[in-house]
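In: Task: produce atomic coordinates for the following.
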Amino acid sequence: MSITENIHNVMATLPSGVKLVGVSKFHPDSAILEAYQAGQRMFGESRVQELIQKHAALPKDIAWHFIGHLQSNKIKTVLPLVSLIQSVDSVHLIEEMEHEAAKQNRHVDCLLQVHIAKEPTKYGFTFDEIHRFFQSNLFSSLKQLHIVGLMGMATYTEDVEMIRSEFRALKTLFDELKTGYFQHADDFHTLSIGMTNDYLIAIDEGSTMVRIGTAVFGLRPCALV
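Out: Predicted coordinates for the structure are as follows:
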């Protein structure tokens, strides 16, 4: 099937209010353009150099999301290019982003990445670290950084109940934070969970944003060799 058909098929499975981010990393500009022409506007990239190239070459109304591990020395470059950073995974990164955003006189929307998987190689805050951050002076002093939700990746497994329990735990945390710190604000609204293999489970557990690559673009070119 074509990318256009894939997008229509995925969109048909998404309830109202669940947004689709097309994970376009490693895919060529032509593939992104086909998705764009099918109506897709949000795309996720995880490598800074690739993001720079695509941002320059592709339509300017694309909303780029940075979804990979962001190194501190790349913050200055990434901030002007993206509408959302989904992968803020440490207090240090928050401090550096707030500092750089102030220098650029820029407001930055971001999601805090929470480690919910059993795999130690994935990045993210622990649940305890999230609670400590929201109780800290750093959170209350943020001016440039807008925390608009949480992101997480479930364990890569065929165990549906494990995936479901991980997503459910993150949704519980999301609800606790919204009630505790954003009760009178509308800007904490995004729970980014769910990828090609598990996004239907994520939707069942309260996802408001899914990050889908293979089901939209097919296998990455580098995975075809």
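In: I'd guessed A63 sits against G44; true?
Out: No: in this structure A63 lies outside contact range of G44 using CB atoms under 8 Å: 9.9 Å. Where C-beta positions appear, they are placed from N, C-alpha and C, glycine not excepted.
In: neighbour-wise, which of these two wins?
Out: The residue with more neighbours, out of A63 and G44, is G44; 24 against 13, by other CB atoms under 10 Å.
In: So which bits of the lengthiest helix in the chain are buried?
Out: Assignment by DSSP state H gives helix 160-181 as the longest helix of the chain. By neighbour count with 16 or more other CB atoms under 10 Å, helix 160-181 contains the buried residues I163, R164, E166, F167, R168, L170, K171, L173, F174, L177, K178.
In: name the helices or strands packed onto the helix or strand just after it?
Out: Per DSSP states H and E, the first helix or strand lying C-terminal to helix 160-181 is strand 190-192. Under the contact criterion of 3 or more CB pairs under 8 Å, 6 or more residues apart in numbering; DSSP states H and E, strand 190-192 touches strand 145-152, helix 160-181, strand 209-212.
In: can you put those in CSV and add mean pLDDT?
Out: Below are the helices and strands packed on strand 190-192 laid out as CSV (pLDDT from 0 to 100):
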stretch, mean pLDDT
strand 145-152, 98
helix 160-181, 97
strand 209-212, 98
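In: And those: which comes nearest A117?
Out: With CB to CB, the closest approach to A117 among the helices and strands packed on strand 190-192 belongs to helix 160-181: 6.5 Å.
In: mind checking how far the residue most central in space within the chain is from L20?
Out: Nearest residue to the geometric centre of the chain (CA atoms, centre = their mean): Q86, 3.5 Å. Distance, Q86 to L20, by CB to CB, to the nearest Å: 13 Å.
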